[in-house]
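A.B. asks: Provided below for reference: sequence and predicted model.
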Amino acid sequence: MYSLNICVLYPDLLNYNGDRGNIIALSKRALWRNISVNIINVTLDEPFVPEKYDIVVLGSGQEYEQQIIRKDFIDIKGNEIRSAIENNKVFLCIGGGYQMLGMYLRTLEGKEIEFLGALDLWTIEGRERLTGDIVFECDFLKSDTFDGKIVGFENHSGYTYLGEGVEPLGRVVKGFGNNGQDGFEGARYRNVFCSYAHGSLLPKNHELADHLLTLALKEKYPDFSSLSPLDDSLEKATRMTLIERIIR
């Protein structure tokens, strides 16, 4: 039987706007397929051991929480996190966690707060908050049966920009996305998936949840091919209702 270990980084500090729902969605969609799941919570002053984890989840926090974990995240766990990313470990990073994988945050006063630098992206603090429902389109998820559209809720004053080698997670259909200017939402690098979509992201978008599970299982088990199908009729109907309402 297949099994997955999901590491949740700083769950006591980075859990805004219902981000815990992403853990629940990954766990349930694995368990419904008889794939066992072990959740490992890792917080301040606790070791991060990449070899023990198949999926790493980094939730969202504001500047206050970012400052609390910053030294531990960069100086204590940083090398292991960078190594895990380069070795194709699956990561899901939301909001403030997304920002902290980048190079820096520049405040309104012009101060640059250094972050991990694992991904070539950076964030500028804006005067206007980007808040509301969002729909964006992910080309890598498109298939004969799925249009690639993802729905969520964004709430951030950081304006994020992507550098070389980092692709956007998707193109904005409705909403602001990374910065409200370039039409992109989130970031994708190797098996790292970053987004400003809260609310939570994965319960509303089962196709993305299954994509992350599939990547993790393929990395762990060479013989793994694909997930068994589930009856997602309710999830599909809910998602389409939300998208249609937001786009209108």
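C.D. replies: Ah, there it is.
A.B. asks: contacts, neighbours, all on C-alpha from now
C.D. replies: Noted.
A.B. asks: farthest residue from the center of this protein?
C.D. replies: What lies farthest from the middle of the chain is Glu109; by Cα atoms, centre = their mean that is 28.2 Å.
A.B. asks: what about Tyr161, helix or strand, and which?
C.D. replies: strand 149-162 (DSSP states H and E).
A.B. asks: may I have that strand as PDB, with CA atoms only?
C.D. replies: As requested, the backbone C-alpha atoms of strand 149-162 are provided in PDB (Å, rounded to 0.1, in the frame of the first residue of the first chain):
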ATOM      1  CA  LYS A 149      -9.400  27.100 -14.000                       C
ATOM      2  CA  ILE A 150      -8.700  27.500 -10.300                       C
ATOM      3  CA  VAL A 151     -10.800  29.500  -7.900                       C
ATOM      4  CA  GLY A 152      -9.900  31.100  -4.500                       C
ATOM      5  CA  PHE A 153      -9.800  34.100  -2.300                       C
ATOM      6  CA  GLU A 154      -6.900  36.500  -2.200                       C
ATOM      7  CA  ASN A 155      -6.000  39.000   0.600                       C
ATOM      8  CA  HIS A 156      -2.500  40.500   0.400                       C
ATOM      9  CA  SER A 157      -0.700  43.900   0.400                       C
ATOM     10  CA  GLY A 158       2.500  42.300  -1.000                       C
ATOM     11  CA  TYR A 159       3.000  42.700  -4.700                       C
ATOM     12  CA  THR A 160       5.100  39.800  -5.900                       C
ATOM     13  CA  TYR A 161       7.200  39.700  -9.100                       C
ATOM     14  CA  LEU A 162       8.800  36.600 -10.700                       C
END
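A.B. asks: how long is stretch 189-199 end to end?
C.D. replies: 23 Å (Cα to Cα, to the nearest Å).
A.B. asks: sorry, back to before: same for the strand holding Tyr161, what does it pack against?
C.D. replies: strand 121-137, helix 201-204, helix 233-247 (3 or more Cα pairs under 8 Å, 6 or more residues apart in numbering; DSSP states H and E).
A.B. asks: looking at those, which is buried most?
C.D. replies: helix 201-204 (a mean of 24; mean count of other Cα atoms under 10 Å).
A.B. asks: list of residues touching the helix or strand following it?
C.D. replies: Later in the chain than helix 201-204, the nearest helix or strand by DSSP H and E is helix 206-220. Residues outside helix 206-220 that contact it (Cα atoms under 8 Å, 6 or more residues apart in numbering): 2, 4, 25-26, 29-30, 54-55, 88-90, 141, 191, 202-203, 224-227, 235.
A.B. asks: just the buried ones from those, in PyMOL syntax?
C.D. replies: Selecting only the buried entries of the contacts of helix 206-220 in PyMOL, with 16 or more other Cα atoms under 10 Å as the criterion:
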select buried, resi 4+25+26+29+30+54+55+88+89+90+191+202+203
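A.B. asks: looking at the contacts of helix 206-220, which are in strands?
C.D. replies: Among the contacts of helix 206-220, the ones falling in strands (DSSP state E) are Leu4, Ile55, Val90.
A.B. asks: and which of the residues you listed is nearest Gln99?
C.D. replies: Val90 (17.0 Å; Cα to Cα).
A.B. asks: since that was my last question, I'll sign off now.
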